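K.L.:
here's my sequence, what's the structure:
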Amino acid sequence: MSADPGEYAITIDGLVNAVGPGQILHKDLNLQVRRDEVMTLVGGSGSGKTQLLRVIRRVEAEAVAGKLGVTMPIGVESRIDGAASVGEHKTSMLQDFERGRPIELDAIVGAVAELGDMVGVDTPMVDAIYALTRRKAVAAGILR
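P.N.:
Model prediction:
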């Protein structure tokens with residue numbers, strides 16, 4: 001997968017995405033989303049929609065880091081898996097949001113979007129997450 005600098009915001013070629021031994025969610029997946037298109041993923045629970053979005057987000061963050069000469073020592077998927085292995089819990093940002101405290105949105109998500117802009121890496125998934133979360137936080141009165 002790559003963030004194509006041409007007419008496509010997202011290009012995926014031949015993605016194979018497994019969530020465990022023998023648990024393949026996507027096999028030989030090909031997808032192109034033009035810069036001026038809006039895409040919707042539809043499918044039943046467990047069909048792989050969230051996993052596909054995680055792959056896109058991970059690739060965006062790793063592409064930004066790579067452009068800056070940084071190799072991520074622990075991949076995003078390993079971090080997510082680690083959090084899941086802890087069991088049911090709430091992230092610190094969600095706890096802050098629920099308690100009406102300021103959230104670390106700019107430092108955690110906004111920085112990736114900003115750095116992507118600075119180094120010329122498209123981050124459409126990160127941008128969407130940032131915009132939606134920012135809007136919710138402003139509406140809740142915890143972010144200006």
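
K.L.:
ranges for the strands of this structure?
P.N.:
8-20, 23-34 (DSSP state E).

K.L.:
those strands: lowest mean pLDDT?
P.N.:
Note on the strands of the chain: strand 8-20 shows the lowest mean pLDDT, a mean of 74.

K.L.:
so where's the chain uncertain?
P.N.:
For the chain, the stretches with pLDDT under 70 are 1-5, 17-21, 76-77, 80.

K.L.:
tell me the centre residue of this protein?
P.N.:
In the chain, the centroid-proximal residue (CA atoms, centre = their mean) is residue 57; its distance is 2.7 Å.

K.L.:
hang on, isn't that residue packed against residue 124?
P.N.:
No. Assessed by CB atoms under 8 Å, residue 57 is found out of contact with residue 124, at 9.7 Å. Any C-beta I mention is one placed from the backbone N, CA and C, and that applies to glycine too.

K.L.:
returning to what we had before: nearest to residue 100, of the strands of the chain?
P.N.:
Residue 100 sits nearest to strand 8-20 of all these, at 34.8 Å, using CB to CB.

K.L.:
ok, residue 27 touching residue 16?
P.N.:
Yes. Between residue 27 and residue 16 a contact is recorded at 5.5 Å, counting by CB under 8 Å.

K.L.:
so where's the longest helix in this protein?
P.N.:
Looking across the chain with DSSP state H, the single longest helix is helix 49-67.

K.L.:
other SSEs contacting it?
P.N.:
The contact analysis (3 or more CB pairs under 8 Å, 6 or more residues apart in numbering; DSSP states H and E) places helix 49-67 against strand 8-20, strand 23-34, helix 76-85, helix 111-119, helix 124-139.

K.L.:
any chance of those in CSV, plus mean neighbour count and distance to residue 67?
P.N.:
Shown next, in CSV, are these (neighbours: other CB atoms under 10 Å; distance: least, CB to CB, whole Å):
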stretch, mean neighbour count, distance to residue 67
strand 8-20, 15, 16
strand 23-34, 14, 21
helix 76-85, 12, 16
helix 111-119, 17, 4
helix 124-139, 16, 14
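
K.L.:
let's have those in a markdown table, adding distance to residue 50.
P.N.:
Shown next, in a markdown table, are the helices and strands packed on helix 49-67 (distance: least, CB to CB, whole Å):
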| stretch | distance to residue 50 |
| --- | --- |
| strand 8-20 | 10 |
| strand 23-34 | 10 |
| helix 76-85 | 10 |
| helix 111-119 | 19 |
| helix 124-139 | 12 |
